[in-house]
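Asker: pasting the structure only:
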C-alpha cells in the first residue's frame, strides 16, 4: 500500500488499451506494499506456463475483415513506434477531456498500456511501464474503531482519472481499440509473447478486476515498517490490479467495474473493420 499511490495510472491503461484508462496503475513513488520494478518488465517468472496457455486456441478473436474494401477516407495505421501522436489525439477526442493530456506519459503509449494491462493480475506493476502519471497528493489513511483504514478523502485524488473514464463513450472507445488492434497485438508480442493473443489477455485481466471483492467495511491496514499492507491475508494476497481497485474507494470502484463490464461486452467476439495494414507490419 502506498502513501504516494498511483492508481490513476492504471486507469488509463485500460482506457488506452481497452481503449481507456481504467483506474490507475497503483505504482507508488515511495511506498507500495509490493516491491516496485524500475525497468520495463519482462514476462513474469511463470512466463513459460503462461506462454503455453496463450498458445492455445484463441478464445476472443478480433479478426481483420480482409475481404472487405477499406472504407472511403480511411487511412493506414501508423507504425507502433510512430503511434503516440495518433493515440494521444484519439484519447483527447474520445474523452473530450484536455486535462488527460497532462496525465498521459506521451511516449510508447501502447507498449506501456499493454505491459501494464498484462501485469495487473500479478503481484506488482513496473514503474517505468505506466501510461499515466500518478495522482497528486499523499495517500491518506485514518483511524476507525482503533484500526487504520484508507481515508474516504483519498478517493478525491482519482477524480481526474474517473472523469476521463466516465467521459469516454464505450462504443467509440472499443471501436477505436478494435480498429487499432494490430498495434496492441504487435506490442504484446514484443513484450515477450510471440504466440500470445492480446485480446484474450485483456479479457482475462478485466475478469480478474471484476472479481475484486467489495468489503462491507473499509479494510484494516497494517504498517509493520514503512509500507502499508492489508491486515486481512485474503486481501493482501489479491493481485496488483485488485488492490488498486480497493484503493480508489467504493464509489470509484463501482464506476470502474461498470465501465469494464460494458467494455467486455463489446469486445468479446468483435471483428476489426476493414482498414489498411499498419506501416509497421
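Answerer: Right, received. Where do you want to start? Keep in mind that this is a model prediction, so the values were computed, not measured.

Asker: C-alpha only now, for contacts and for neighbours.
Answerer: OK.

Asker: mind listing the helices for the stretch 51-200 of the chain?
Answerer: 84-95, 100-103, 109-119, 159-167, 170-179, 181-191, 198-210 (DSSP state H, counting those that start in this stretch).

Asker: any weak-confidence spans in the stretch 51-200 of the chain?
Answerer: 51-56, 63-74, 97, 99, 126-127 (pLDDT under 70).

Asker: ok, now with 80
Answerer: The model of the stretch 51-200 of the chain has pLDDT under 80 over residues 51-56, 63-75, 94-103, 125-135.

Asker: and the helices of the stretch 51-200 of the chain as JSON lines, adding mean neighbour count and distance to residue 236?
Answerer: Shown next, in JSON lines, are the helices of the stretch 51-200 of the chain (neighbours: other C-alpha atoms under 10 Å; distance: least, C-alpha to C-alpha, whole Å):
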{"stretch": "helix 84-95", "mean neighbour count": "17", "distance to residue 236": "33"}
{"stretch": "helix 100-103", "mean neighbour count": "15", "distance to residue 236": "28"}
{"stretch": "helix 109-119", "mean neighbour count": "26", "distance to residue 236": "17"}
{"stretch": "helix 159-167", "mean neighbour count": "20", "distance to residue 236": "24"}
{"stretch": "helix 170-179", "mean neighbour count": "20", "distance to residue 236": "32"}
{"stretch": "helix 181-191", "mean neighbour count": "21", "distance to residue 236": "27"}
{"stretch": "helix 198-210", "mean neighbour count": "20", "distance to residue 236": "15"}
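
Asker: wait, which of the ones you listed is closest to residue 132?
Answerer: When the helices of the stretch 51-200 of the chain are compared by C-alpha to C-alpha, helix 100-103 sits nearest residue 132, at 5.4 Å.

Asker: list the helices and strands that closest one packs on?
Answerer: helix 84-95, helix 159-167 (3 or more C-alpha pairs under 8 Å, 6 or more residues apart in numbering; DSSP states H and E).

Asker: that older thread, could you dump the helices of the stretch 51-200 of the chain to JSON lines with distance to residue 267?
Answerer: Formatted as JSON lines, those follow (distance: least, C-alpha to C-alpha, whole Å):
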{"stretch": "helix 84-95", "distance to residue 267": "17"}
{"stretch": "helix 100-103", "distance to residue 267": "24"}
{"stretch": "helix 109-119", "distance to residue 267": "15"}
{"stretch": "helix 159-167", "distance to residue 267": "17"}
{"stretch": "helix 170-179", "distance to residue 267": "7"}
{"stretch": "helix 181-191", "distance to residue 267": "11"}
{"stretch": "helix 198-210", "distance to residue 267": "8"}
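
Asker: Residue 125 touches residue 119, doesn't it?
Answerer: Yes. Using C-alpha atoms under 8 Å, residue 125 is in contact with residue 119, at 5.6 Å.

Asker: Touching both of these two, which residues are there?
Answerer: The contact sets of residue 125 and residue 119 overlap at residue 240 (C-alpha atoms under 8 Å, 6 or more residues apart in numbering).

Asker: still on that earlier bit, kindly reformat the helices and strands packed on helix 100-103 as CSV containing distance to residue 145.
Answerer: Formatted as CSV, the helices and strands packed on helix 100-103 follow (distance: least, C-alpha to C-alpha, whole Å):
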stretch, distance to residue 145
helix 84-95, 41
helix 159-167, 28
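
Asker: between these, which gets nearest to residue 140?
Answerer: Closest among the helices and strands packed on helix 100-103, using C-alpha to C-alpha: helix 159-167, at 14.8 Å.

Asker: by contact count, what packs against the closest one?
Answerer: helix 7-17, helix 84-95, helix 100-103, helix 250-267.

Asker: So for the closest residue in space to residue 250 that isn't next to it in sequence, what pLDDT did the model give?
Answerer: Closest residue to residue 250 apart from its sequence neighbours, by C-alpha to C-alpha, 6 or more residues apart in numbering: residue 214 at 7.6 Å. Looking at residue 214, its pLDDT stands at 92.

Asker: where does residue 214 fall, helix, sheet strand or coil?
Answerer: coil (DSSP: H, G, I helix; E, B strand; the rest coil).

Asker: residues near it, how many?
Answerer: Counted with other C-alpha atoms under 10 Å, the neighbours of residue 214 add up to 14.
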